[in-house]
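Participant: could you look at this predicted model? Sequence included:
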Amino acid sequence: MISRWEDIIIETISRFLVPFMQTYSLYVLAHGHGSPGGGFQGGCIFAASFVLLIIAYDIFEAKKRFSEKINGVFCALGVFIYAGIGWLCLLLGGNFLDYGKLSKILPTDPIMARYYGMAGIETGVQITVMAIMVSIFLDLVTAGRHEEAMEEEDVGSDSK
Amino acid sequence: MIKKIVSILIAILATSALLVGVKDFPNWADPNQPASVHVSPRYIEKTVEETGVPNIVTAVLADYRGYDTMFETAVIFTAGVAVMMLLRRPYKK
């Protein structure tokens, strides 16, 4: 179990660093079209910011910022967004994942609709990768018993 | 001992069988090799006008091969769920 090891320099710097990492991950996602990047890489950077929070503080402090249930919902939400865009194209009369047909509901021509369709699925990939990375890290680092350990006693808050 | 000799023999045989196939490879960086003349020119020439994306890698990953990437995401999801199922068991005290 990760207990808190207080160090004001580490905590301040990582608290300062997390928003920059998350902004950079969104930059990697949004510029996946024009430069190297995309959902997989951006999701990993986003998850790294949460991992930094867990390492610098402890699990109980970090879980105040993202609950585990919401994280589990996000795991499935990304795949749902990806497959949902595919089905949307199917409903609009095209093939599965044929983003050109999205121009019927987006105010653009079919070529740019493909661009925005790709942006949508990359967002789905980013959400899934981020949530799964955080989930696997939490499971491995606590051997899967953090919910229970949180209930029985607050190990981390004793050391404050 | 006999197991070791047999496994070394099998390894040598398999390696030589693979090495025989190497001489049929196209030359290094040959522009006329089959991988370069089949679909690559079409992607290089048509990506921008067909998809509006300046990055060919993204266009292939998310548009031309979007089905593949969807199941790649599903594989990551499945791996995460498998870790959850293996580790988050009811804990016995």
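Facilitator: Happy to help now that I have it.
Participant: make it CA atoms for all contacts and neighbour counts henceforth
Facilitator: OK.
Participant: next, count neighbours for residue 30.
Facilitator: I went with chain A, as the question did not name one. Per other Cα atoms under 10 Å in any protein chain shown, the neighbour tally for residue A:30 reads 18.
Participant: not quite, I wanted chain B
Facilitator: 10.
Participant: for the residue of chain A found nearest chain B, give me its contacts.
Facilitator: When scored by Cα to the nearest Cα, chain A has residue A:144 as its residue closest to chain B, at 4.5 Å. Counting by Cα atoms under 8 Å, 6 or more residues apart in numbering or on different chains, residue A:144 touches A:138, B:84, B:87, B:88, B:89.
Participant: how about the secondary structure of the first one?
Facilitator: Which is residue A:138. Assigned with DSSP: H, G, I helix; E, B strand; the rest coil, residue A:138 falls in the helix class.
Participant: quick check: closest non-adjacent residue to it.
Facilitator: Residue nearest to residue A:138 in three dimensions, not counting chain neighbours: residue A:144, with 7.3 Å by Cα to Cα, 6 or more residues apart in numbering or on different chains.
Participant: who are the neighbours in contact with residue B:33?
Facilitator: Counting by Cα under 8 Å, 6+ apart, residue B:33 has contacts B:26, B:27.
Participant: how near is it to residue A:115?
Facilitator: 31 Å (Cα to Cα, to the nearest Å).
Participant: and the pLDDT for the spatially most central residue of chain A?
Facilitator: With distances taken as Cα atoms, centre = their mean, the residue of chain A nearest its centroid is residue A:130 (2.9 Å). You'll see residue A:130 listed with a pLDDT of 93.
Participant: now do the same contact list for it.
Facilitator: By Cα under 8 Å, 6+ apart, the contact set of residue A:130 is A:43, A:44, A:45, A:46, A:47, A:75.
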